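>>> the sequence and its predicted three-dimensional model are supplied below.
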Amino acid sequence: MKTVVLLSGGIDSTVLLADRIDRGDHCLALTIDYGQTHNREIGAAQQVAAHYDVVWRLAPLTLGGSALTGQGEIPVGHAEHVDATYVPGRNIVMIAIAAAIAEQCGAAAVLFGANREDAAGYPDCRPKFISAIDAAVSLGTARGISVHAPFASLTKTNIVALGKHLGVPFDLTWSCYRGWSVPCGRCGACAANEQAGL
């Protein structure tokens, strides 16, 4: 099956790409530059796509209203509720862009790496959202593009274990919310990675 995988350059989307390739999908990796305060994850996504020898596309977009786009401080620890790292409308807009690209390139589905732990802090990673956006995209595209979040019921620990099984090059990924030379070790992404054994 031909799929568009939203590839942030982080662990979840990289493992998702590796898993879909392992399952025999023909993948196009799509990264959205949504105005992140750093571009480390964009570079990581490009490296990951090159590692897996898949077509990589970068789409520009400007979003705001979040610590990840320069408005506010990045909080310490993993979000247990909506916090300053929530980017309003991010997945809605990114999935819509991915669906349009899927139509253009003949892909049947859009996949993104939402996981069970993301659901607490990000409304656009929750099961109800995933079902609703799948229905909306299917109805709003000529070929009925589907939207899937295959890791929605998995924890970060499950995803890391799958990635290790698949030989994912975790050293190419970037999940830290800050663009320093090394991960900060304090933000929600770093906390989740440490808890998952990375």
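Cool, got the structure. Numbering: from 1, shown residues only.

>>> where do the helices sit along the chain?
Shown for the chain, the helices assigned by DSSP state H span residues 11-22, 40-51, 90-105, 118-121, 127-140, 156-166, 188-195.

>>> what's the average pLDDT for the fifth one?
With pLDDT averaged residue by residue, helix 127-140 scores 98.

>>> quick one on the thing from earlier: pick the most buried one from the helices of the chain.
Using mean count of other Cβ atoms under 10 Å, the stretch among the helices of the chain with the greatest mean number of neighbours is helix 11-22 (a mean of 24). To be clear about C-beta, it is placed using only N, CA and C from the backbone, and glycine gets the same treatment.

>>> sketch out the low-pLDDT regions of this structure for me.
When the per-residue scores of the chain are filtered using pLDDT under 70, the ranges that remain are 63-87.

>>> please repeat the previous calculation with a cut-off of 50.
67-68, 75, 82 (pLDDT under 50).

>>> reformat the helices of the chain as JSON lines; add distance to R57.
Shown next, in JSON lines, are these (distance: least, Cβ to Cβ, whole Å):
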{"stretch": "helix 11-22", "distance to R57": "13"}
{"stretch": "helix 40-51", "distance to R57": "9"}
{"stretch": "helix 90-105", "distance to R57": "7"}
{"stretch": "helix 118-121", "distance to R57": "23"}
{"stretch": "helix 127-140", "distance to R57": "18"}
{"stretch": "helix 156-166", "distance to R57": "23"}
{"stretch": "helix 188-195", "distance to R57": "24"}
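
>>> which among those is found nearest to W180?
Checking the helices of the chain against W180 by Cβ to Cβ gives helix 40-51 as the closest, at 8.3 Å.

>>> for T62, which of the helices of the chain is the nearest?
When the helices of the chain are compared for distance to T62 using Cβ to Cβ, the nearest one is helix 90-105, at 10.1 Å.

>>> need the longest strand for the protein.
Ranked by residue count under DSSP state E, the longest strand found in the chain is strand 26-33.

>>> specify the angle between it and helix 11-22 in degrees.
Strand 26-33 and helix 11-22 are oriented at 160 degrees to each other (axes from the mean of the first three to the mean of the last three Cα atoms, to 10 degrees).
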